Structure formats: C-alpha cells, structure tokens
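S.K.: show me how the following folds:
(chains A, B and C)
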Amino acid sequence: MTPDAGAAVTPVADAAVRLERSPFERRALRSLLLTTATWAAAIVAAVPLVSVLYMLIVRGGARLSHAVFVELPPAGFEMGGGFGNAIVGTAVMVGLGAIIAIPLGVLAAVFLAELGPTSRLAQAARFATKTLTGLPSVLAGVFAYAAVVLATGTYSAPAGGLALAVLMLPTVILTAEEAIKAVPKITRDAAFGMGCTRSQVVSKVLLPTALPGILTGVMLAVARAAGETAPLLFTALFSSYWLFDGLRPQLMQPTASLAVLIYNFSGMPFDNQIELAWTASLVLVLMVLVINVLSRLLGQRRA
Amino acid sequence: MRFSAHLERSRAMLRATDRRPAADSPTVSGPPSNWDYTVDRVFRGLARTATWLVLLLLVAILWEIGSKATVGMAHHGLGVLVSTTWDVGRQQFGVLPHIWGTLYSSLLALAIGGFFGITMAIFLTQDFLPPRIAQVFRTIVELLAAIPSVVYGLWGLFVLVPAMRPVADWMFARLGWIPFFGTTLSGPGLAPASLVLAIMILPTVAAVSQDALRLVPYRVKEAAYGMGATRWEAILKVMLPAASTGIFGALVLGFGRALGETMALAMLIGNSNQITLSLFAPANTLAALLALNFPEAGPREVEVLMYAALVLLAITLVVNLLGEVIMTRSARRLAAR
Amino acid sequence: MKRWLTALVLGLCIISPSSVAQSDDALRLTGSGATFPFPLYAAWFKTFGQKHRGVTVDYQGKGSGAGIQDLINRTVDFAASDAAMTDEQMAKVPGGVQLLPMTAGEIVIGYNLPGNPKALKLPREVYASIFLGKTTKWSDAKLKAANPGVNLPDLDITVVRRADSSGTTFVFTNHLAAVSEEWAKGPGVGTTVNWPKSDKFVASPKNDGVTATVKQTPGAIGYIEYAFAKFAKVEMALLQNKAGQYVAPGGEGGPAALASVQMPPNLRAWVPDPEAPKAYPIATYTWMLFYKSNKDPKKAAALREMVDYCLTEGQKLSVQMGYIPLPDNVVGVVRKAAATIQ
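M.R.: Numbering: from 1, shown residues only, chains lettered A, B, ... in the order given. Purely as a prediction, here's the structure:
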C-alpha cells in the first residue's frame, strides 16, 4: 500500500516526527467531523426503528399472556382468544421452508464459491440468484400454487413451505457465497496441503470458518419468510383450528400462520382482533429472536 | 489389504485431521482413501445438483410467468409498456406509471436505506461502541428484519404520515415551485412509501454489511494505522474497499427487497396511476399492482399481470447488471492505483 | 449437540409422512372469497363448528374473484362473492354451481371533516360528481345548499377508493352508474375501474385500509362497508335516494332497499338504485357459491346443514354485526335452492 499521493517525503532530520496529531490539522478535522456525522446518522436511523419497536412492544405487549399461546382465534364479537395454532403453523411452514432452502442454498453457495466459481454453470446460477432477489412475494406464492396446490388439489402446509423456500433461497446463497469466499486463502491451502479432498476442505475447514456469515444470511432469510403474507394466502390459506390432531399433524390442509392472522385481524373492525394482531406481531419478532440467539449459541466455534 | 483395515486406516487419518493429535498417534496425514474419494465425488455431485436446481427454479418460475405473459404480449403488444391507462372494463392496460413508481420508490429507498445501513454497519463494527454493546445492537438490527411488512405498513399509516404532514405542508408552501414538492400530501404517497421502504431494507443492508466489514482481517486496518492514516482514512480508503463485494451484495439484497415489497407499499403508495415527480403525490408500483389485482383477476387480466411481473424481473436484472458494471469499473480503478 | 439435533430432525421426517395419509375423523370444509362478509361468516362458522361436533369450517377472505377462481380450480369446498358470478364464470365450474344469497350489507360514504359535523347530507348529483372528480372542494355551492347549518371549510376533497379489485367497488360503481350517466360512460362498472386521474384520488387496500386513510386525512371521503364504518366510528353521510329522501345507513333503509327488489329464479338480484321512499340507496346481497355435484356425499350433507344453520340461527347475528338480515321470503327461496347441493 502506497502512502497518500501528495505526502511529501520528509527528510531524515524530521524523522523525530510528532506521533500525536493536532485536531485542527485538516485530515484529523475531517476524521472528527465524519465521526460526528456518523453518530448523528446512526441516531437518525435509529429513531424510526426504535419507534416501530416501541409501537410493537407497547401495543403488542398489552395482550401478551399465556392464553395467547393455547387458545384458538376468536371470531366476530368474541372476547379473548389467542392464536396458538398460528404459532404452530408458522413454525412448521418456516421450518419446512428452511429444510428446503438451507441445504440447497449452502450447497449451491459452496459450488459457486469453491468448487466451480468460474464455470458457466456458476455464472448462470449467480445471475439467477440475483434476479430472484427481486421476485415479488406474490409470485413465489403463485408459483407454489401452480406447482403444489393445483397438483394436490388442496391448500396445504408444504405448499406454503415451498413458497417460503423460494423467498429464502437467494438471501442464503448470496450471503453464504460471500462468507465462504472470505475465508483466508492460507487456511484453505493448508488444508489441501494436509491431503484433504475438496469436500473435506469444504466441510472441515471452509464451512466451519464461514459459519457466522452463513448464519447471518440464514437468520435474515428466516426472519423475512416468517413475516410474509402474500405467498401464504395463495398456498396455505388459513385455518381457525389446530394443525395437530392429537399427535399427528394434518399437513395437507389449510394451515394457520401468524402473518396471515395479522393480515386478517388488522383488517377487522373489532378492537379485540386488532389488539391480537399487534400481539401476534410481537410474538413473531420474539420467535425470531429466540431462533437467532439459539443459532448463535449453536454456531459458536468451540475454541 | 482387507477392506476393513483400509476403512480403519482412513478413519484414523480423518481423526488426525479433526482434533489435535494425541501424543502417541501419528501426526503425518496420508493421501485420501477410496472411501474419501467416494464421499468427495458424492458431495461435489450434490453441490453441482443444488446449483442446477437453483437455475431450474428460475427457469420454472420464468416458464410459469412467461407462458401467460407471452399471451398477454401477443394480445396487447409493447404498447402496455408506454400506456398509462389501466382499465379492466375496456381491456386497456398500461404499466408505465407503475414502472416509474417502482424505479422512483426503490431507488430512493436504496439511496436512503443503503446509506444509513452502511453507516450503521460502520458504526457498529469500527469500534465506535464498546464491543458488548455493539453486539447487542447488532442482534437488534438483525431482529428488525423479522418485523412483518404489514406492521411497517400500519406504522407508516398511523405514525409516519401524520408526522410528515406538517413538514410536507411547510415544504409545499415554501418550496412548492420545485417539482419534487409540487403537491400537497394527500395521505399515502411516494414519500411515506419510500421512507418506509428505506426503513425496511435498512436492517438487511446493515446486517450483511456488518458481516462483510467484520470479515476483513484486523491486520489490514492496523497496517493502515501503522502508516499514519486517521481513523476515517482507514475506514474509507482501506476497510470499505476491502469489504466492497460484501457491501455490494448487501445493496443487491436490499434493492431486491425494495423492488419486491408488496404489502407495506400497497398500504402507503396511494395506488394512483399517474406519473409525477412530486414526492408527496400518490403513485403505484408493479409489485403492488400484482398483489392487489391478482386475487380477483380474470384470465385476461392475469395475462397482463404476468406481463407486468416479467417487466419487474427485467428491471431487477437491468439494475443488477448496471450495478455490477459500476462495481467492476471501480474495482479496476482501485487496483490500478 | 449436533447428534441430538440430527436425531430430532430425522425423527420428524419419519413421523410426518405417516401422518400425511390422514383419517377423516373430523370433516373439514374449506371456503374462500369475499372479504365484505368475512367478520360475519367467521362468527357463523365458529358457532356452527361448536354446535356440530365432527365438522369444522374454515373461511379465508381473499377477494370475490379469488374465491371464484378457487371454486373453478376445485381447491375449496365452497366460495363466497359479493358480485355473484357471471354466466361465463358459472359455465367453468365442473358439475355446475349453485349461488345462494346468505346475507346483505350496505355501503356507506364516510367522511372526515374538521369539527366532525354529523349527518352530512349528500345529494345524488353531488356525490356522483365528487367521485367523478368534478366537485373538488368541500365549500362547493351545492354542498352548502344541502347542509345549511354546517360550517363547510374551504378544504380540498380527497377521494379515497379501493386499491385492490373488490366486490365492494363493483357494487358501488354499479350504483353510481345507475345514478349518473356520465359515470356509466366514463369509469363504468367493475371490481376495478379507471378512476379519474387526479392527485386528490388516493387508494388503499381493503375496507380497513380505506377506513384508516379516511380517518387519517382531513377532508377525505370514501366508500366503506357499513360494519367497518360503524365500528371504526367514521362519520357516515346521509344519501339522497331516488325518491329524493335523505336516508341514513344502518336503520330501516337496508331492509327497505332489499324488499323493493324481487328475487329472480337464478337468485342473482341486484339493487343498484332502489325506488322505495325509505330505502338506503347502496345495498347489496352477498352470495355463497356451492358445487352442485360434490365429490363426497358426507361433505355435501354437511354443507347443506351449514346453509340451514346460516339461514336460521345465523341471521340473528347479522344485525348485531352490521349486516342486513335476509327478508323472510328470500330465506324460503334459498332454503329450497339449497337442496341442489349434492
């Protein structure tokens, strides 16, 4: 790295250079101003985010109670009620989406970053992934509708899972690819030097090192999928009843989800339902928080 | 050698690469065994299949959309792209206002959300805060990506629009001659929608940029300091370029989200089919058009909606390509220095 | 830890396929369609499920057109629509479709004015021209003439309409077309129409979106389903009907409007502009759509029981929730027609 263009070569006599910087020197001043500006920008950016969180916590927290987790959605003028079935439904459908999207996405990212980065297949797949990032969630729902709902003749949880997987995939691939590419070459070459096959390099060295970055992508994808309404309206519809009939899940039936519940209830003219909609939003965010914390704990590399 | 002995030897070698070797076991690694080769081939085959599946997914979606879109294109031709009337009754369709609205709102949201997101990422990773607090805020930022878009829409409607109204009225009164402030705020409009979009993509951009910045080895920054750079020179001239591909990826994800966002935008954009420069006027976007009209659309309307969807995907593609060109140009300039 | 997790995942994989092949201990009926009657239907189906053990009914409001599509694709057991069905759509349903009007509702014109004046009177030509974009200020002479005691400010009228395709828009535009020739020739009738291009026309999705926007925007006016306006406490205008009288929504105006129209044999009755002196001008039936030939006779029997319930017990809930109960003669006709659900 060359020094800044324009810095004069100081003669040896001035080598006893001041190691301190006067804050009014132009470069130092610029740095100070930028720091102040960054603080200001961070606070400005934080204000709306805090406002949203505040609204969520205040309005949602009002009805947060045990009843919300075990009762079924109320109708019309009914008081009380909860959305336990929607919580289960969201967990199941996001889980199904994750089971499809995470292995597929990470394997594809491995190929794109490590196993065949310059091949035509890789270039085409990167192009496909970037195009898919802009796919409106409605279209993911329409696609899953045509692929699963029309084929099976019923709205179902797996259809919802597929739609969510389509939405999660681009995020997982893009972030995982970046994370794997960022592993220092030295580490990679050392593993090869020890006689590992390419997949051993990937599974024993690259993936564990890139795990935090991959997890960020997975968390973002899961967070977004949990909050999407439009694709679920086309694939899983909604249900006011439990997904589990005793111990067996009834997967091939319309399934409740928190996102569709919020969509329905926030649009009804009854106060009870509107309050429950806010509580459902809060519960959704809390669920994602729990998954986030758990995955960070699991993914921490044991020293 | 018998197969079981072979297996035992390769297992021992794998164990040797796994953990620190015990004092009495051999530390020399050997070449991979047959089993290792098989696993390797299977794994590489799986990775290749996965990549093909991703490609096939796009093809399947394009097929699904394209098969109806081409019928729509045959019926209505390219005029749809430049017409401004959307009249189902008379079967006249035009998506120019929607294209305009999509580009205007998404680019504005990307500019604001991208700028603040990257700033937030720099703020949280470059030692402006004690590490523990920075970690807590980093988790909070990731969490904000989980808030359902319906909630952002409601927040925008109940908090942002009323808060913006006095500001907008003042700007219209004083600066109304500038076309950007040329109308009064009629409630939902471009400005509230773009601001809410920016807030929605901020967590995504911030989270991915955070990771990109943290992946740059600390040595690089220390080297810059060692050469006498100020804090910000180190950040702007060294860290950001090193993390540039990651940050670019963050912007791609954020922009994609902005383009495809439906629910919050449907509530806040005003859904008016007009082309206007004014930030306070209502507008319309392709994604909102799809989301709002698709459920009730008859077969002929569905064709045109699929046509619009194809246009949206084309826009994503074009802007991504442009972005990549800019990236390679600036990377080349940096490398040439 | 990893092994534990893998075992859990494998366990779930083993359990799930065995449960996909399910037993029908409980009969589950699924319906989708109009959002206009959604609150009422949700209440009906819940109490029906409680009274008839072994049958559960799920209904999701996604729009009349979406419901009709589902019916055509055979992905639901029944559907609901505010705009009935066109002959073209009916022909596409495999095995034939039976339309049954289940309830009715009113569409009100809500407004938001500073000072909250109650019971604003809107003459026929005035409200038509407001929605045509011709009358643009609240201080317009005709409005002042119809409301002598009210202080109407010199504020721009912001018209709030539906952003999504909806049966509510269909009914409202149907009425406007009957009232104003200019409307019939201009935007016309439909679930979405070509609204006048103006900055002062904003759109919001769904009834609650329009309600929220009207409540938030001073000087706004919009068309909303009665229950939403009532429970959100939006001020509702008195509309001038064909006989020249100003009628308020929510009272006897609705039943009077329905009574003025004969139910035709195909059960598709429209009330675009009722003539009765006490009738409220904008009222509509809303229909449930059933297959004439269901694949499962048990489901058909359950559907007939459901219809019976809605026509008897269910009607008692209608008024409370802001809908119009079906006139008695209509109930009789619908009951007979329900026998065709096999």
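
S.K.: now residue 68: closest residue in space that isn't a chain neighbour?
M.R.: Just going to use chain A. Excluding its sequence neighbours, the residue lying closest to residue A:68 (C-beta to C-beta, 6 or more residues apart in numbering or on different chains) is residue A:82, at 4.0 Å. From N, CA and C alone the C-beta is placed, and that goes for glycine too.

S.K.: wait, I meant chain B there
M.R.: residue B:306 (4.0 Å).

S.K.: ok, residue B:236 next?
M.R.: Residue nearest to residue B:236 in three dimensions, not counting chain neighbours: residue A:34, with 8.0 Å by C-beta to C-beta, 6+ apart.

S.K.: count the neighbours of the one you found for me.
M.R.: Neighbours of residue A:34 under the rule other C-beta atoms under 10 Å in any protein chain shown: 18.

S.K.: likewise the one 10 residues further on?
M.R.: Counted with other C-beta under 10 Å, the neighbours of residue A:44 add up to 11.

S.K.: my read: it touches residue B:120, true?
M.R.: No. Using C-beta atoms under 8 Å, residue A:44 makes no contact with residue B:120, being 10.1 Å away.

S.K.: can you tell me the average pLDDT over the host helix or strand of the residue nearest to residue B:68?
M.R.: Here residue B:306 sits within helix B:299-336, counting by DSSP states H and E. Averaged across helix B:299-336, pLDDT comes to 81.

S.K.: for that helix, which residues meet the burial criterion?
M.R.: Across helix B:299-336, burial judged by 16 or more other C-beta atoms under 10 Å in any protein chain shown covers B:301-313, B:315-316, B:319-320, B:323, B:327.

S.K.: same check, this time on stretch B:89-100
M.R.: Neighbour-count burial for stretch B:89-100 flags B:92-100 (criterion: 16+ other C-beta under 10 Å).

S.K.: so which of the residues you listed is the closest to chain A?
M.R.: For chain A, the nearest member of those is residue B:98. The distance, counting by C-beta to the nearest C-beta, is 12.0 Å.

S.K.: residue B:290 is in contact with the closest one, correct?
M.R.: No. Residue B:98 lies out of contact with residue B:290 (C-beta under 8 Å); the separation is 9.3 Å.

S.K.: mutual contacts of these two, please.
M.R.: residue B:308 (C-beta atoms under 8 Å, 6 or more residues apart in numbering or on different chains).

S.K.: tell me the contacts of residue 83?
M.R.: I'll assume chain A. A:68, A:71-73, A:256, A:258, A:261, A:276, A:279-280, A:283.

S.K.: wait, chain C was what I had in mind.
M.R.: Counted by C-beta under 8 Å, 6+ apart, residue C:83 has contacts C:64, C:167, C:170-171, C:191.

S.K.: close to chain B: what parts of chain C are there?
M.R.: Residues of chain C lying near chain B by C-beta under 8 Å from any C-beta of the partner chain: C:62-66, C:69, C:156, C:158, C:160, C:163-166, C:187-195, C:197-205, C:209, C:212-213, C:216-217, C:220.

S.K.: one more pass at 7 Å, please.
M.R.: Counting by C-beta under 7 Å from any C-beta of the partner chain, the residues of chain C close to chain B are C:62-66, C:158, C:163-166, C:188, C:190-194, C:197, C:199-205, C:209, C:212-213, C:216-217.

S.K.: same deal with the stretch 151-300 of chain A?
M.R.: Counting by C-beta under 7 Å from any C-beta, the stretch 151-300 of chain A sits next to chain B at A:166, A:169-171, A:173-175, A:178, A:182, A:194-200, A:204, A:213, A:216, A:219-220, A:223-224, A:226-227, A:229-230, A:259, A:262-263, A:266, A:281, A:284-285, A:288-289, A:292.

S.K.: list phi and psi for residue B:90.
M.R.: Backbone torsions for residue B:90, taken as degrees, to the nearest 10, come to phi -100, psi 10.

S.K.: and it, how far from chain A?
M.R.: Between residue B:90 and chain A the computed distance is 25 Å (C-beta to the nearest C-beta, to the nearest Å).

S.K.: try residue B:265
M.R.: Distance, residue B:265 to chain A, by C-beta to the nearest C-beta: 10 Å.

S.K.: try residue C:90
M.R.: According to C-beta to the nearest C-beta, residue C:90 and chain A sit 21 Å apart.

S.K.: and that residue, how many neighbours?
M.R.: Residues near residue C:90, counting by other C-beta under 10 Å, number 19.

S.K.: can you count the residues close to the residue nearest to it when sequence neighbours are not counted?
M.R.: Using C-beta to C-beta, 6+ apart and skipping residues adjacent in sequence, the residue nearest residue C:90 is residue C:97, 5.4 Å away. Counted with other C-beta under 10 Å, residues neighbouring residue C:97 total 22.

S.K.: try residue A:220
M.R.: Number of residues near residue A:220 (other C-beta under 10 Å) recorded here: 25.

S.K.: surely it is in a helix?
M.R.: Yes. Counting by DSSP: H, G, I helix; E, B strand; the rest coil, residue A:220 is located in a helix.

S.K.: please name the residues that touch it.
M.R.: By C-beta atoms under 7 Å, 6 or more residues apart in numbering or on different chains, residue A:220 lies in contact with A:171, B:142, B:145, B:204, B:207.

S.K.: do you know how far it is from residue B:9?
M.R.: Here residue A:220 is placed at a distance of 43 Å from residue B:9 (C-beta to C-beta, to the nearest Å).

S.K.: grab the longest helix from the chain for me.
M.R.: Let's take chain A. If you go by DSSP state H, chain A has its longest helix at helix A:26-61.

S.K.: please refer instead to chain C.
M.R.: Per DSSP H, chain C has its longest helix at helix C:297-321.

S.K.: residues of that helix that come out buried?
M.R.: For helix C:297-321, a neighbour-count test (16+ other C-beta under 10 Å) marks C:299-300, C:302-304, C:306-307, C:309-311, C:314-315, C:317-318, C:321 as buried.

S.K.: among those, which pair sits farthest apart?
M.R.: Greatest spatial distance among these (C-beta to C-beta): C:300 and C:321, at 27.9 Å.

S.K.: most proximal residue of the stretch 201-342 of chain C with respect to chain B?
M.R.: The nearest approach of the stretch 201-342 of chain C to chain B comes at residue C:203, 3.5 Å away (C-beta to the nearest C-beta).

S.K.: so which of the contacts of residue A:220 is the most crowded?
M.R.: Neighbour tally across the contacts of residue A:220 (other C-beta under 10 Å): the maximum, 31 neighbours, falls on residue A:171.

S.K.: check it and give its pLDDT.
M.R.: Predicted confidence (pLDDT) for residue A:171: 91.

S.K.: just the strands in the chain please.
M.R.: In the absence of a named chain, chain A is used. With DSSP state E, the ranges of strands along chain A come out as A:244-245, A:248-249.

S.K.: that answer is for a different chain, and I need it for chain C
M.R.: Here chain C has its strands, by DSSP E, at C:27-33, C:55-61, C:78-81, C:97-112, C:121-122, C:158-162, C:201-204, C:220-225, C:235-236, C:238-240, C:246-247, C:283-291.
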